[in-house]
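> okay, structure incoming, though there's no sequence with it:
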Ligand code: OGA
Ligand code: MN
C-alpha cells in the first residue's frame, strides 16, 4: 500500500535502505527504457535548457505515460529558475501559505523580509511551503475558480510548452502552477491531482535544489509504489495512464551534486550581473528543494471554467 512505502522511506529510525530506489543516473534497463526526444523542436535552447539532442529521457516500463527527463538545464538555467522560484514566484500576485498569517504589510514580501534581517530570516525562511500561480489551487475545495485567477508567468509557460513538445504533446497550455518549497525535514503526503477539467493533459513537475525521494504508485491507495531519486533539474511528466496515479514525497536528502554552482569564472561574472541576489538564494537552496508543478486546467479551446464548450 502507498502509505507503507511512504512510512518506510520517511523513517529516520531505522533509516531505509535506498537500494530499490530507481536512479536514472544508473538506469536499470529491466525497469526503465529510453525515450527519444521529438527533436524537430528547437525552442529548447531558450529557457536555460541544453540542446535537446543531449537530453536523456526515460520511461518506467511498469508505468506507461510517466516520463523522466534527467536535468536538461545549463548551470545558468538552474540559477535562473531557482531565482524565479525563490525570489519571484513567492511574491504577489501569487498566493502563498503565509498570506493567512498576516506577516507582512502591503509593501513587504517574504524574500525581501528574509533578505533584510538575518534574525527575521531564521524564523521566516522555513515557513514558506507553497505558492500558487495562474488558476489558484484551492487547498480546501480542491476546485479552481474564475474568481481566483492571476496571470501565469510567460517564462514558465514557454518552458513547459517546450518540454511538452519534446515529449510529443503538441497543444499543452500552462494555466496553473503550485510551487512547493521543501526544507530538509519536509514531506508531501500521497495524493492524486484530479482538480483540472482536463486530466488528459500532462502535468509537468520540475525540481531544483536538494534531492527528493519521489513515490509513484497506482490509481488506488492500495496499490504499491516505486521510489525514484529526483535531483536538481530533473523533470517528471505525468501523462496518459499515469496522470492520475498516487504520488508523494516522503523524504528530502542532501544533494550529491550541485548543478546550480558555476564552475568557470566567466559564468560567475555573467551570473553576478544577472542575479544580484544569488549568494543569498544559493544559501537558501543549499538546504531546500523547490518544485514547480505546472498544469493545464481547461480543455483545448475552452476559454473559461464557466464555459464548458467545446
Ligand atoms: C504536487 C506534487 C511533487 C514534488 O505539487 O502536486 O506532487 O515532487 N509535487 O514536489
Ligand atoms: Mn501532485
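Yep, it's here. Everything quoted here is computed from the prediction, not taken from an experiment. Residues are numbered from 1 along each chain as shown. Ligands and ions are numbered 1, 2, ... in the order given.

> what packs against the helix or strand where residue 114 lies?
For residue 114, the host element (DSSP states H and E) is helix 110-116. Helix 110-116 is packed against helix 118-124, with contacts defined by 3 or more CB pairs under 8 Å, 6 or more residues apart in numbering; DSSP states H and E. For glycine as for every other residue, the C-beta is placed from the backbone atoms N, C-alpha and C.

> distance between the helix it packs on and the chain's centre?
25 Å (CA atoms, centre = their mean, to the nearest Å).

> what's the first helix or strand after that helix?
Following helix 118-124 toward the C-terminus (DSSP H and E): strand 130-134.

> how far off strand 130-134 does the next helix or strand after that following strand point, in degrees?
Using DSSP H and E, the helix or strand that follows strand 130-134 in sequence is helix 154-166. Interaxial angle, helix 154-166 versus strand 130-134 (axes from the mean of the first three to the mean of the last three CA atoms, to 10 degrees): 80 degrees.

> what residues of the helix holding residue 114 count as buried?
110, 111, 113, 114 (16 or more other CB atoms under 10 Å).

> which residues sit against it?
Residues from elsewhere that reach helix 110-116 (CB atoms under 8 Å, 6 or more residues apart in numbering): 86-87, 90-91, 96, 98, 103-104, 120-121, 124-125, 128, 277, 280.

> quick one: which of those residues is most hemmed in?
In terms of neighbours by other CB atoms under 10 Å, those top out with residue 86 at 26 neighbours.

> and what about that one, helix, strand or coil?
The local conformation at residue 86, judged by DSSP: H, G, I helix; E, B strand; the rest coil, is helix.

> got a list of what it touches?
111, 181, 281, 284, 285, 290.

> my read is that the fourth one contacts residue 128, right?
No - the criterion here is CB atoms under 8 Å, and residue 284 misses it with residue 128 at 9.8 Å.

> ok, back up a step: need the max-distance pair from the contacts of helix 110-116.
The span of the contacts of helix 110-116, defined through CB to CB, is set by 103 and 277 at 20.1 Å.

> so what's residue 57 closest to, chain neighbours aside?
residue 35 (4.3 Å; CB to CB, 6 or more residues apart in numbering).

> should've said residue 91
Nearest to residue 91 is residue 109, by CB to CB, 6+ apart, at 4.1 Å.

> likewise residue 92?
Using CB to CB, 6+ apart, the closest residue to residue 92 is residue 109 (6.8 Å).
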